[in-house]
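>>> Need a 3D model of the following:
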Amino acid sequence: MDFIDIGIKFTYVLLAITTVTAIVMPLIQALSNDPKSLLKSGAGLGGILLIYFIAYLLAGNEVTAKYAEFGVDSATSQMVGGILITMYILMFTALLGILYSEASKMFT
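Numbering: from 1, shown residues only. Prediction:
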C-alpha cells in the first residue's frame with residue numbers, strides 16, 4: 001500500500017464523516033429547537049418518494065443483450081429508468097418554477 005492508497009482511504013473516511021455530520025447535525029438542531037419544522041422536510045421527502053414511485057411504475061424493464069453482459073436484469077433496468085424519469089420530472093418542475101418566477105417579476 002503506497003501513499004496514494006492511504007490518501008484515498010483517508011479521503012473516503014473524511015467524506016463519510018462529513019456526510020453523516022451534514023445529515024445528523026441539522027436533525028439534532030431541529031429536534032432541540034423546533035420539532036415541527038421536521039414536518040416540512042418530511043413532506044418534501046415524501047413528495048419526492050411519491051414522484052419516484054410513480055416514475056418507477058412508468059419505467060420499462062427491457063434489457064438489451066449489451067446490458068445483459070454487464071449483469072443488468074429487469075429489476076435494475078426498471079430502477080434506473082425510474083430514477084431517470086424522476087430526474088426529468090424534477091428538472092422540468094424546476095425549469096417551470098424558474099420561468100414562472102421570472103415572468104411574475106416582469107409583470108409586477
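
>>> what are the ranges of the helices in the chain?
3-33, 37-58, 65-68, 74-106 (DSSP state H).

>>> quick one: least confident helix or strand in the protein?
helix 65-68 (a mean of 88; mean pLDDT, DSSP states H and E).

>>> Who are the packing partners of that one?
Helices and strands touching helix 65-68, by 3 or more CB pairs under 8 Å, 6 or more residues apart in numbering; DSSP states H and E: there are none. Bear in mind the C-beta positions are built from the backbone N, C-alpha and C, glycine included.

>>> Now do that helix: everything it contacts.
residue 77 (CB atoms under 8 Å, 6 or more residues apart in numbering).

>>> Mind doing that once more with 7 Å?
Under the contact criterion CB atoms under 7 Å, 6 or more residues apart in numbering, helix 65-68 has no outside partners.

>>> hmm, back to that, now the helices of the chain in a markdown table, with mean neighbour count?
Putting those into a markdown table (neighbours: other CB atoms under 10 Å) gives the following:
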| stretch | mean neighbour count |
| --- | --- |
| helix 3-33 | 10 |
| helix 37-58 | 12 |
| helix 65-68 | 10 |
| helix 74-106 | 12 |
